[in-house]
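Peer 1: model this:
(chains A and B)
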There are 2 protein chains.
Amino acid sequence: LKNGRNKYEENTMMSKVIGSGSDVLICTSLVGKTRESLLGELNAVIAREPDVIEWRGDFFAGVATSEDVLETARQISAAASNTAMIFTIRSALEGGQKISLSDRQVIELNAMVCKNTSIEYVDCELRMPHEQIDYLRSVANESGTKIIGSFHDFHGTPDAELMLKKIEEAELAHLDVAKIAVMPHCLEDVLVLLEVTLKAKQTCSIPLVTVSMGTYGAVSRMIGGIFGSSLTFAVGEERSAPGQIPIEDMRCVLNIIKKLR
Amino acid sequence: LKNGRNKYEENTMMSKVIGSGSDVLICTSLVGKTRESLLGELNAVIAREPDVIEWRGDFFAGVATSEDVLETARQISAAASNTAMIFTIRSALEGGQKISLSDRQVIELNAMVCKNTSIEYVDCELRMPHEQIDYLRSVANESGTKIIGSFHDFHGTPDAELMLKKIEEAELAHLDVAKIAVMPHCLEDVLVLLEVTLKAKQTCSIPLVTVSMGTYGAVSRMIGGIFGSSLTFAVGEERSAPGQIPIEDMRCVLNIIKKLR
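Peer 2: Got it, this is the predicted structure:
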C-alpha cells in the first residue's frame, strides 16, 4: 500500500472519491500496450489534471501475465499517487479489446489487483456470474477496494427499464458504483439516457456513472452531472470510447455548469 | 433604412440571421429604462460581441410615447449597426413589465417599428388575436421585418402537445421564427422541453428558439442548439430572464459543442 496507509485513508486524504462530493469528476483512460508507453501516457495525462485515471488493462499486451499486470499497476499507481485509479478489463463483448483471458481469469486478475496494489477501483461487468461478482466483492472488501459494476452497449440504447435494471443489479450486488455506457442512434436516445440517470438518482443509493456515447451522445458527457452522473470520461492522450472531448474542454464546461447552482 | 440598403440586404451583408446557419446565435437583452441608460448598456454589451441584441421595450419608461420609442430604436439600431436587433414588448401576462399599452397598441407600436426603423425582428406573442397578427405580418412583409412568434410560461412547463401546438401556430401564421420559453419545476421538465425542440425541428419549417428557464433550465440554454434551437439568450449587462449565463461563458460552451460535429 502507498506510504503504509490503507486505501480508505488514501482516498479521503489524497484522491477523489466517485460520488462523494457535488463535483463531477473527470476521468481519463490509459490505453498503452506496453509498460513504457503507459508510463509515458500517464506522465502526459497527469499534467492535464484529471481527477481519476482508468487503466484499460485490456489494451495491455502483458494482460495474460498477472505479475506483469501487477508490477505495471504498482508503477502506474505510484506515479499517479494523488489521483484515484480504476483498473478495467473491458471485454470484447462490451466494446473492449480481445484478450486471451476467460471471464473467470479476468475476475481473478481483478482480485489480484485488489490484493496487491493500491488501485482504488476495479471495474466488473454486470454480465459476470453472480458468484464471481460475490467472490470479487469479498476480496475487495478485504482490501478496501471499490467496485464499479458496469454495463456497456456499443450498438444501441436499450429500453429505459433495462438500463434501470442494470443499475439496480449493481446496487443489489453491493457494488460501490453503477456505470452504464450506451450508444445512441439519435438525440432521442440521448434524452432516454438522461431520463434514466435522473430516475436512478432518485431510487439508487450508490453513485452513478452514465454515458451516451458517440457524436450524438457527447453532450451527455458534458451535462450528465446535472442529471446525476458522478464521473465523466474525457480524452487525455488517446480516446478510449467514441464521443469523448478533451479534458480541458470538459473542465471548462463543468466550471460553467458549477456556477449555475 | 440603414445606409439606404433594405433590411434583407442588411441581414445578409452584415447582421446574422436566426436559423440561417448551423451556429447557434447568442442574444442579449437591453433592459434600460431611459434612452441614456439604454445607450450606455448597449455600448457595454456590444463590446462583449453578442450575435443579436434584443431591446426589451417593456422596460422603457417612454414606451407609451411612440415617437420616443422610434427615436430610441433608431439610435440603438444605428449604434448596433452590425448586430441584428429584436424589438420586444413582453406583456406582463408572459413575464414582462406592466405597461399602459393595450394589446392593440402594442401591435401598432410593433408595426411602427417595422415601418420606421431598421430593426430586423419584432416579437409578437402568439396569444394575440389572429387578425392583429395578420395585420402585423402584412406591415412586416412590406418593410422586410421578420416576426418572432412567442409563447412564454413563467409558472410551469406545459404538456409537450401544447408547446408543439404553439410552435405550429407560429408557422401557420406565417411568422419567421417560433419561440417557446417555459419554467421547469424539475429536471424532467427540462428534458420535455428538449424533446419538444427535437420533435418540432423535424416537423416545423421555421427556425426555433426554445428555452427552459430558471436554475433547472439553465442547461437548456447551453445545449438547446444541439436539439434544434437556433438562438440562446445570455447575460450582457443585466439578466432579462432567470437562468441566463454570461455571454462569454455561453460562447465558450458553444465553441466546445461546435467541435463535436
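Peer 1: how close does residue A:47 sit to residue A:54?
Peer 2: Relative to residue A:54, residue A:47 is positioned 17 Å away (Cβ to Cβ, to the nearest Å). Every residue, glycine included, has its C-beta placed from N, CA and C.
Peer 1: who's more crowded, these two?
Peer 2: residue A:54 (25 against 9; other Cβ atoms under 10 Å in any protein chain shown).
Peer 1: distance of that one relative to residue A:61?
Peer 2: 18 Å.
Peer 1: run through the bridge partners of the closest residue to residue A:120 other than its chain neighbours.
Peer 2: In space, residue A:120 comes closest to residue A:84 once its chain neighbours are excluded; the distance is 4.8 Å by Cβ to Cβ, 6 or more residues apart in numbering or on different chains. Beta-bridge pairing of residue A:84 under DSSP bridges involves residue A:52.
Peer 1: residue A:84 against residue A:19, yeah?
Peer 2: No: if you go by Cβ atoms under 8 Å, residue A:84 and residue A:19 don't touch, sitting 11.5 Å apart.
Peer 1: list the residues that contact the residue nearest to residue A:120.
Peer 2: Each residue near residue A:84 by Cβ atoms under 8 Å, 6 or more residues apart in numbering or on different chains is listed here: A:11, A:15, A:16, A:17, A:18, A:25, A:51, A:52, A:53, A:120, A:121.
Peer 1: the stretch 151-261 of chain A against chain B: which residues are in contact?
Peer 2: Proximity of the stretch 151-261 of chain A to chain B (Cβ under 8 Å from any Cβ of the partner chain) is limited to residues A:187-188, A:191, A:194-195, A:198, A:215, A:218-219, A:222-223, A:226-227, A:243, A:245, A:249, A:252-253, A:256-257, A:259-261.
Peer 1: of those, which belong to helices?
Peer 2: A:187-188, A:191, A:194-195, A:198, A:215, A:218-219, A:222-223, A:226-227, A:249, A:252-253, A:256-257 (DSSP state H).
Peer 1: quick one: buried ones out of those?
Peer 2: Buried by 16 or more other Cβ atoms under 10 Å in any protein chain shown: A:187, A:191, A:194-195, A:198, A:218-219, A:222-223, A:226-227, A:249, A:252-253, A:256-257, out of those.
Peer 1: so which of the residues you listed comes closest to residue B:232?
Peer 2: residue A:256 (13.2 Å; Cβ to Cβ).
Peer 1: can you pull out the helices in the stretch 51-200 of chain A?
Peer 2: A:66-79, A:103-116, A:130-143, A:160-172, A:187-203 (DSSP state H, counting those that start in this stretch).
Peer 1: dump those to TSV, plus mean pLDDT.
Peer 2: Shown next, in TSV, are the helices of the stretch 51-200 of chain A (pLDDT from 0 to 100):
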stretch	mean pLDDT
helix A:66-79	97
helix A:103-116	98
helix A:130-143	98
helix A:160-172	98
helix A:187-203	98
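Peer 1: how about these, which one is nearest residue B:209?
Peer 2: Of those, nearest to residue B:209 by Cβ to Cβ is helix A:187-203, at 17.6 Å.
Peer 1: list the contacts for residue A:130?
Peer 2: Contacts of residue A:130 by Cβ under 8 Å, 6+ apart are residue A:173.
Peer 1: what's the neighbour count on residue A:176?
Peer 2: Going by other Cβ under 10 Å, the residues that sit close to residue A:176 add up to 21.
Peer 1: now it: how far from chain B?
Peer 2: Taking Cβ to the nearest Cβ, to the nearest Å as the measure, residue A:176 falls 25 Å from chain B.
Peer 1: hmm, residue A:147 and that residue touching each other?
Peer 2: Yes: using Cβ under 8 Å, residue A:176 is in contact with residue A:147, at 5.5 Å.
Peer 1: who touches both of the two?
Peer 2: Looking at what touches both residue A:176 and residue A:147 (by Cβ under 8 Å, 6+ apart), the common residues are residue A:121.
Peer 1: next, residue A:41: secondary structure please.
Peer 2: helix (DSSP: H, G, I helix; E, B strand; the rest coil).
Peer 1: from the structure, what's the count of residues near it?
Peer 2: 21.
Peer 1: and it, what's its pLDDT?
Peer 2: Residue A:41 is assigned 96 on the pLDDT scale.
Peer 1: and the gap between it and chain B?
Peer 2: From residue A:41 to chain B the distance is 22 Å (Cβ to the nearest Cβ).
Peer 1: and that residue, what is it in contact with?
Peer 2: Contacts of residue A:41 by Cβ under 8 Å, 6+ apart are A:30, A:31, A:32, A:236, A:237, A:238.
Peer 1: pick the one among those closest to residue A:166.
Peer 2: residue A:31 (24.6 Å).
Peer 1: surely the closest one is in contact with residue A:236?
Peer 2: No: applying Cβ under 8 Å, one finds residue A:31 not in contact with residue A:236, separated by 9.5 Å.
Peer 1: looking at the two, which is more packed in?
Peer 2: Per other Cβ under 10 Å, whichever of residue A:31 and residue A:236 has more neighbours is residue A:236, with 27 against 21.
Peer 1: quick one, what contacts that one?
Peer 2: Taking Cβ under 8 Å, 6+ apart as the definition, contacts of residue A:236 comprise A:28, A:29, A:30, A:41, A:44, A:45, A:48, A:50, A:53, A:247.
Peer 1: for the first one, helix, strand, or coil?
Peer 2: Of the three states, residue A:28 takes strand under three-state DSSP.
Peer 1: gap between the closest residue to it other than its chain neighbours and residue A:27?
Peer 2: Closest residue in space to residue A:28, ignoring its immediate chain neighbours: residue A:236 at 3.5 Å, by Cβ to Cβ, 6+ apart. Using Cβ to Cβ, residue A:236 is found at 9 Å from residue A:27.
Peer 1: residue A:183: neighbouring residues, count only.
Peer 2: 22.
Peer 1: make that residue A:136, sorry
Peer 2: Neighbour number of residue A:136 under other Cβ under 10 Å is 23.
Peer 1: pretty sure it contacts residue A:122?
Peer 2: Yes: if you go by Cβ under 8 Å, residue A:136 and residue A:122 touch, sitting 7.3 Å apart.
Peer 1: which residues are in contact with both of those two?
Peer 2: With Cβ under 8 Å, 6+ apart, residue A:136 and residue A:122 have common neighbours A:110, A:114, A:147.
Peer 1: residues contacting the second one?
Peer 2: Read that as residue A:114. A:122, A:136, A:139, A:140, A:142, A:143, A:145 are the contacts of residue A:114 under Cβ under 8 Å, 6+ apart.
Peer 1: at 7 Å instead, please
Peer 2: Shown in contact with residue A:114 (Cβ atoms under 7 Å, 6 or more residues apart in numbering or on different chains): A:122, A:139, A:140, A:143, A:145.
Peer 1: please tell me how far the closest residue to the fourth one other than its chain neighbours sits from chain B.
Peer 2: Read it as residue A:143. Using Cβ to Cβ, 6+ apart and skipping the chain neighbours, the partner closest in space to residue A:143 is residue A:114 (4.3 Å). Counting by Cβ to the nearest Cβ, the gap from residue A:114 to chain B is 36 Å.
Peer 1: and if you look at residue A:31?
Peer 2: 21 Å.
Peer 1: hang on, isn't that residue packed against residue A:59?
Peer 2: Yes: contact status for residue A:31 versus residue A:59: in contact at 4.4 Å, counting by Cβ atoms under 7 Å.
Peer 1: tell me how many other residues crowd residue A:250.
Peer 2: 23.
Peer 1: quick one: contacts for it?
Peer 2: Counting by Cβ under 7 Å, 6+ apart, residue A:250 has contacts A:26, A:222, A:232, A:234.
Peer 1: so who does the third one touch?
Peer 2: What it means is residue A:232. Applying Cβ under 7 Å, 6+ apart, the residues contacting residue A:232 are A:24, A:26, A:27, A:221, A:224, A:225, A:250.
Peer 1: alright, calling it a day.
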